[in-house]
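**Student:** Have a look; sequence and predicted model below, questions after that.
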Amino acid sequence: KKGAVAARLRLEYGLAQYHFDRKGMGREDYQTAAEAIGLEVMVTGRMGKRTKFQQESKAQMVVLASRKEGTDIDYKNVNINDDEDHNNEPNNTKEQDSVCIDHAEDTILHEHVALDDPSDPSTTCILPILDRTVLLALCLDVKARSPVSPDNPLSFGEMSAYLSRVVAMSSSAQCWTVFSTALLERAWIESDGVHTRERSLLQLQALVDQHTTKLTLTQSTKESAGGDGSAKVEDRVRHLHLIVYPPRWELRSDFATRLAKVGMVTSAAEIYAGLEDWDNAVDCYTRAGRVEQAEKLIRERLQEKETARMYTVLGDITGKIEYYHKAIEISGGKFARAHEALGRKHFAENRLLEAADSLHAAVKVRPLTPSVWFLLGTIAMRLERWQVALEAFSEVVQQEPEMGDAWANVAAVHMRNRDPERAYPCLAESLRRNRNVWRVWQGKLYTCIDLGKYDEAMQSTHELMNLAAKTGVSKGATGEVEKVERYEVEEKCIRAIVRGVLDGADVAAAIAGEGPSRDQIAAADSATRSVQRLDALLSEIQRNAKLADDGKGAWIWDVRATFSARIGRTDLILDNLMVEYRAILNVRGWETDEIQRAKVCRVVGQIVNLQCADGMYKASWTKAKYMVRSVANRIRSKYISAEGKIPQDLMDMDLKLCEVEEGI
């Protein structure tokens, strides 16, 4: 008896820790309670089958629970309705069980895991009620330590094992509160499962129906709906302090929320209306397309009492801003929801100044609303109020640090203010939360170039090309998917990276050559690796480049030629220039386009200089002569102005042709 009292005390104290969300502080109390009554609990694995069509047994998580040897418990004749603290009380009545919903016949899951060796008494023995409350408390501890969902299989499996151990004892009479708690927790963790969602909703329906005398799907007879078959009041409150079971209205509200989540919004609206949760009721009626019914409900509530909340919801339904103003007037400007709704209405109709004023008023009344701050920052950016935008998005990242879009917008404001040092850490935070947003990678590319972080700039270029090549789409921090065209590498960025990397390599090599120290040698090695990474990047850009009829993409061969010249690969210079030359010649009308004509003449001059530098071979000079003559003739035939003036580029080609002929 003393052990039972001590266990109840420690169990209640541990549940109080859970109630006040003191993480990690309840488990020790639950374990002490188990030790006080001699309960041994172990989570382990057993071979078995979870589905009906499973051929091979797999390791299944189970909970072994039994009393220690020497404990005065007769499992065959245990009085499950009483624990050691009630052994002297008469027990002439039988408690009514909660309705336990089984899986549908077409479900592939077994009701309980089919173990290969079900004879272990630790998995089948009937435990007293106090022992079951300890198991439920340990189950709650798993829930407190980590989120439980089918996406988190370890926590989901451990909780399921505890609950299965308690629910499996339903063949004997159960304590109403303990059994209902086990069924409720099982329904909650199964609500997102593909094969368990239907059973979860039906189980919640059954638990909700226990509190009503109406005939429902799970209460089809008078006896089950409040007659002699229902649990008595004394049964419902027994062991109330040893479990965590929500009040009736909270359970109904949770059930309505889950119905709305799966699309049963009309049923959810009726439950919300019964709870007088008018906001959610109106929202569900609106989602169901019953706008008239929602408006009728609101006007009925306004006839009884005018409230700012109802006027705001009426404004949402009708789209009339006068109802928002009425809500603000009634509340004396203290109802943030009305200011927010009015601001969103102005924003939808592109009245940005009015929207900004309304949202300012909303965050002044209720500052801890990151979504409102985000919208305010967006409007401020459109109005080019950069300081306001910076303050708004800074509030968002302080309140919701995991919102990657907010970090990206803070960086965008810093970049607009030409402050790359502050933009860089914000871009890094945004990419930590979502690496699939190409605009953020592009912002990081620009910022790294400004800061001289060329290795990270090359990484950003790689990521941009991978996003465009692999997926063709990019997800923002809000989860919305946007189509991304094939990313075109910007010439100015690549030229800046090439210039920065090669200049850094030259400086590092010069310093290391003077009198190398350990740090200088390390800097030279780092610069060499950067050059190698740049070589790989240029090669990848060349492979992905598409030479269009307008000459786009030809610049990469010019950059490659410059890079080859700087690193001493003279054998590659002429080849790259020839590819660029042929690409530019494909541009239609280049002879009359000053920009394209200048590019052709520049490339021809470089090629001729390389060919003529090899003075031993007359064939090289001859090739250079024919190339210059061909370009000059095409310009002469297509580009002669009305005044008869010859373009300077043609004059340069004629001079170059004379030089080549003299050399020959």
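**Tutor:** The structure has been received and is ready for your questions. What you see is a predicted model, and the numbers here were worked out from it, not measured in a lab.

**Student:** What distance do you get for the nearest residue to residue 29 once chain neighbours are set aside to residue 8?
**Tutor:** The shortest distance from residue 29 to any non-neighbouring residue, by Cβ to Cβ, 6 or more residues apart in numbering, is to residue 14 (3.1 Å). The C-beta positions use only the backbone N, C-alpha and C, and glycine is treated the same way. Residue 14 is 11 Å from residue 8, where distance means Cβ to Cβ, to the nearest Å.

**Student:** Give me the residue ranges of the stretch 301-450 of the chain where confidence is low.
**Tutor:** By pLDDT under 70, the stretch 301-450 of the chain has no low-scoring segment.

**Student:** ends of stretch 134-153, how far apart?
**Tutor:** End-to-end distance of stretch 134-153 (Cα to Cα, to the nearest Å): 23 Å.

**Student:** Tell me the buried residues in the helix or strand the residue nearest to residue 29 falls within?
**Tutor:** Element membership for residue 14 (DSSP states H and E) is helix 2-19. Neighbour-count burial for helix 2-19 flags 3-4, 7-8, 10-11, 14-15, 17-18 (criterion: 16 or more other Cβ atoms under 10 Å).

**Student:** ditto for stretch 488-497
**Tutor:** Residues 489, 493-494, 496-497 are the ones in stretch 488-497 that count as buried (16+ other Cβ under 10 Å).

**Student:** Please dump those into JSON lines; it should also carry pLDDT and distance to residue 177 for every row.
**Tutor:** What follows is these, written out as JSON lines (pLDDT from 0 to 100; distance: Cβ to Cβ, whole Å):
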{"residue": "489", "pLDDT": "78", "distance to residue 177": "66"}
{"residue": "493", "pLDDT": "91", "distance to residue 177": "67"}
{"residue": "494", "pLDDT": "91", "distance to residue 177": "70"}
{"residue": "496", "pLDDT": "93", "distance to residue 177": "70"}
{"residue": "497", "pLDDT": "93", "distance to residue 177": "68"}
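
**Student:** all strands for the protein, in order.
**Tutor:** Along the chain, counting by DSSP state E, strands occupy 39-51, 58-67, 109-115, 473-475, 481-483.

**Student:** what stretches of the stretch 151-300 of the chain score poorly on pLDDT?
**Tutor:** 151, 170-174, 212-231.

**Student:** winner for burial among the strands of the chain?
**Tutor:** Of all these, strand 58-67 carries the top mean neighbour count, a mean of 19, counting by mean count of other Cβ atoms under 10 Å.

**Student:** quick one, that strand and strand 39-51 angle?
**Tutor:** Counting by axes from the mean of the first three to the mean of the last three Cα atoms, to 10 degrees, strand 58-67 points 150 degrees away from the direction of strand 39-51.

**Student:** now for strand 58-67, which elements pack on it?
**Tutor:** Strand 58-67 sits against strand 39-51, strand 109-115, helix 121-124, helix 129-145, helix 153-167, with contacts defined as 3 or more Cβ pairs under 8 Å, 6 or more residues apart in numbering; DSSP states H and E.

**Student:** where among those is the average confidence lowest?
**Tutor:** Least confidently modelled of the helices and strands packed on strand 58-67 is helix 121-124, at a mean of 77 by mean pLDDT.

**Student:** hmm, who's touching it?
**Tutor:** 40, 42, 46, 62-66, 75, 115, 118, 165, 168 (Cβ atoms under 8 Å, 6 or more residues apart in numbering).

**Student:** same thing with stretch 439-450?
**Tutor:** Residues outside stretch 439-450 that contact it (Cβ under 8 Å, 6+ apart) are 404, 408, 411-412, 415, 420, 423-424, 427-428, 430-431, 434, 454, 456-457, 460-461, 463-464, 467, 474, 493, 496-497, 500.

**Student:** how about 7 Å then?
**Tutor:** For stretch 439-450, the surrounding residues in contact (Cβ atoms under 7 Å, 6 or more residues apart in numbering) are 408, 411-412, 415, 420, 423-424, 427, 430-431, 456-457, 460-461, 463-464, 493, 496-497.

**Student:** That one: how far from the chain's middle?
**Tutor:** Counting by Cα atoms, centre = their mean, to the nearest Å, stretch 439-450 is centred 22 Å from the centre of its parent chain.

**Student:** tell me, how many neighbours does the residue nearest to residue 429 when sequence neighbours are not counted end up with?
**Tutor:** Nearest non-adjacent residue to residue 429, counting by Cβ to Cβ, 6+ apart: residue 407, 4.4 Å away. For residue 407, the tally of surrounding residues (other Cβ atoms under 10 Å) stands at 26.

**Student:** Return the residues in contact with residue 407.
**Tutor:** 397, 426, 429-430.

**Student:** from the residues you listed, which ones fall inside helices?
**Tutor:** 397, 426, 429-430 (DSSP state H).

**Student:** out of those, who has the most neighbours?
**Tutor:** Counting neighbours by other Cβ under 10 Å, residue 430 leads the ones in helices among the contacts of residue 407 with 28 neighbours.

**Student:** List the neighbours of stretch 145-154 that are in contact with it.
**Tutor:** 142, 155-156, 159, 189, 192-193.

**Student:** typo on my end, stretch 283-303
**Tutor:** 260, 265-266, 268-269, 272, 278, 281-282, 310, 313-314, 317.

**Student:** contacting residues for residue 191?
**Tutor:** Residue 191 touches 197, 200, 258, counting by Cβ under 7 Å, 6+ apart.

**Student:** Repeat the analysis, applying 8 Å as the threshold.
**Tutor:** 197, 200-201, 258.

**Student:** Can you list which of those are found in helices?
**Tutor:** Using DSSP H, the members of those that fall in helices are 197, 200-201, 258.

**Student:** Tell me the one of the residues you listed nearest residue 575?
**Tutor:** Ranked by distance to residue 575 (Cβ to Cβ), these are led by residue 197 at 62.9 Å.

**Student:** Residue 416 versus the closest residue in space to that closest one that isn't next to it in sequence, what's the distance?
**Tutor:** Leaving aside its sequence neighbours, residue 197 sits nearest to residue 191 (Cβ to Cβ, 6+ apart; 6.2 Å). Going from residue 191 to residue 416 by Cβ to Cβ gives 45 Å.

**Student:** Spatially, what comes nearest to residue 457 if we skip its sequence neighbours?
**Tutor:** Per Cβ to Cβ, 6+ apart, closest to residue 457 is residue 448, 3.9 Å.
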